[in-house]
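Novice: sharing a sequence plus its predicted fold:
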Amino acid sequence: MMRQHTKSVGAVVLNPQDQALFMFRADMKFWELPKEKAIGSESELETLKRGLFEETGITRYNVIDPFKEEVTYSFKLGDEIIDRTIVFYLVRTEESVRLSREHTDFKWLSIPEAQKVVRFDNYRRVLEAAKKYISS
């Protein structure tokens, strides 16, 4: 069985009310944060910019430094094992959302609400870190 490592960059996108953006991925039937796979030699911030635009239509945002959380997990795809790393940034925007075809719905949720709807513990951990960061 072959193994492959991939890297994605995502964001906890906050609106002015400190609600986080979640998008519903119909094919997988779960709510997720915006994220996109890195292409070639893109920097993390270049991937973030491209991914936010492709998945949400958002082009104007502020990265909240130095917040950065990393998530790693593995899954099987056909006869390959994929080891994925996702680096999450924290960003603020006032823009409205325009979804990609990959997602069928979106919600702005308070972080405590979001922690209830996410399926994966690693997303809960990222949200907890974001909550601590914005309340400090």
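Specialist: Received the coordinates, thanks. Values in this document were obtained by computation on a predicted structure and should not be read as measured data.
Novice: which residue ranges of this protein form helices?
Specialist: Along the chain, the segments classed as helices by DSSP state H run 44-56, 111-117, 121-134.
Novice: of those, which is nearest residue 90?
Specialist: helix 121-134 (5.5 Å; CB to CB). From N, CA and C alone the C-beta is placed, and that goes for glycine too.
Novice: residue 93 is nearest to which of the helices of the chain?
Specialist: Judged by CB to CB, the one of the helices of the chain that comes nearest to residue 93 is helix 44-56, at 8.3 Å.
Novice: what's the burial count for the nearest residue to residue 124 once chain neighbours are set aside?
Specialist: Computed as CB to CB, 6 or more residues apart in numbering, the closest residue to residue 124 that is not its neighbour in sequence is residue 115, at 5.1 Å. Residue 115 has 17 neighbours, counted by other CB atoms under 10 Å.
Novice: state the pLDDT value of residue 115.
Specialist: In this model, residue 115 is scored at 90, pLDDT.
Novice: just the CA coordinates for stretch 11-28, please, in CSV.
Specialist: Presented in CSV, the C-alpha positions along stretch 11-28 are these (Å, rounded to 0.1, in the frame of the first residue of the first chain):
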residue,chain,number,x,y,z
ALA,A,11,-9.0,29.3,8.2
VAL,A,12,-11.2,29.9,11.0
VAL,A,13,-13.0,32.8,9.3
LEU,A,14,-14.6,35.3,11.7
ASN,A,15,-17.3,37.9,11.0
PRO,A,16,-17.5,41.2,13.0
GLN,A,17,-19.6,39.3,15.6
ASP,A,18,-16.8,36.8,16.2
GLN,A,19,-18.9,34.0,14.5
ALA,A,20,-17.0,31.4,12.6
LEU,A,21,-17.8,30.4,9.0
PHE,A,22,-18.8,26.8,8.4
MET,A,23,-19.7,25.2,5.1
PHE,A,24,-21.7,22.1,4.5
ARG,A,25,-20.0,19.5,2.2
ALA,A,26,-22.9,17.5,0.8
ASP,A,27,-20.9,14.6,-0.7
MET,A,28,-19.3,13.9,2.7
